[in-house]
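Q: show me the folded form of this:
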Amino acid sequence: MTSFAHRRVLVVGGTSGVGLAAAHRFLAEGAETVIASRSRAKLDAAVTELARYGAKVEGRTLDLRSDGEVEQFSAGIGEFDHVVVTAGETPMGRLDTLPLADAYAAMDSKFWGAYRLARSVRIAPGGSLTLVAGYLSQRPGKASALQSAINAALEALVRGLAVEQAPLRVNAVSPGLLRTPLWDALPVETREQMYAAAAERLPARRVGEADDVAAAILFVAGNPYTTGTTLFVDGGGMIA
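A: Residues are numbered from 1 along each chain as shown. Purely as a prediction, here's the structure:
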């Protein structure tokens with residue numbers, strides 16, 4: 001495995017959930033880490049949390065939905081050894097109920113956002129780009145056709161970029177249901193019932209945590225013989 005010590009890492013979406021967990025792990029491995037997010041307030045809070053461990057971390061605002069902002073950010077930030085994209089807003093909803101404007105915005109945020117950054121950011125030779133998709137790419141739900149399509153598109157993009165941008169290594173990590181702040185808007189009882197039902201159904205007999213996915217991100221980023229692949233971290237969700 002490649003060492004992350006003294007390497008420069010960018011985690012887009014690094015203020016919460018999987019992104020924050022990945023930033024924790026990279027910093028623990030000695031990486032100089034930049035986290036990026038649209039929210040300055042969330043960045044400041046995350047940097048304060050991460051800096052408690054004496055780690056070298058910097059927060060930068062970035063909106064992946066803006067062509068100009070992504071290009072300006074990439075031109076001024078310098079070169080990275082590893083880049084991870086966990087950001088993306090994809091509202092759930094059936095085809096006949098989700099407004100088209102929301103569907104377009106979801107694709108723009110998660111797919112085109114990753115595409116914009118991939119074409120602009122500079123990554124060192126021998127480095128890696130890791131995109132976070134989701135297992136719905138392979139196992140759609142009853143109100144997730146859009147999310148399924150976006151995640152599948154990201155996984156296909158990874159395979160194409162791994163060939164096109166070689167020897168840069170490009171991979172995807174696709175999680176299943178996770179216990180993250182994404183679900184905090186649900187009533188507590190409803191949320192816990194959802195987690196319990198999922199744990200009963202999954203072969204792993206538990207719901208995933210953000211750190212489970214962060215560990216997978218560091219694996220694909222640090223393994224010099226892994227590229228063009230999608231690593232599923234879903235507790236067996238695809239076979240349940």
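Q: the closest residue to residue 211 other than its chain neighbours sits in which helix or strand?
A: Setting aside the residues directly before and after it, residue 211 is nearest to residue 21 in space (Cβ to Cβ, 6 or more residues apart in numbering), at 4.7 Å. For the C-beta atoms, the positions are set from N, CA and C on the backbone; glycine is no exception. With elements delineated by DSSP states H and E, residue 21 resides in helix 17-28, which encompasses its position.
Q: buried residues in that helix, which are they?
A: Within helix 17-28, the residues scored as buried using 16 or more other Cβ atoms under 10 Å are 17-27.
Q: same question, stretch 140-154
A: Neighbour counts using 16+ other Cβ under 10 Å place 140, 144-154 of stretch 140-154 among the buried residues.
Q: ok, back up a step: from the buried residues of helix 17-28, pick the one nearest residue 113.
A: Top of the list for closeness to residue 113, among these and by Cβ to Cβ, is residue 19 at 13.1 Å.
Q: looking at the closest one now. What's its pLDDT?
A: The per-residue pLDDT reported for residue 19 equals 97.
Q: where do the helices sit along this protein?
A: Here the chain has its helices, by DSSP state H, at 17-28, 40-51, 67-77, 100-106, 113-120, 145-164, 188-201, 210-222.
Q: and residue 136, which of those helices is closest to it?
A: Closest among those, once you apply Cβ to Cβ, is helix 145-164, at 4.6 Å.
Q: show me what that closest one is packed up against.
A: Under the contact criterion of 3 or more Cβ pairs under 8 Å, 6 or more residues apart in numbering; DSSP states H and E, the helices and strands touching helix 145-164 comprise helix 100-106, helix 113-120, strand 122-132, strand 169-175.
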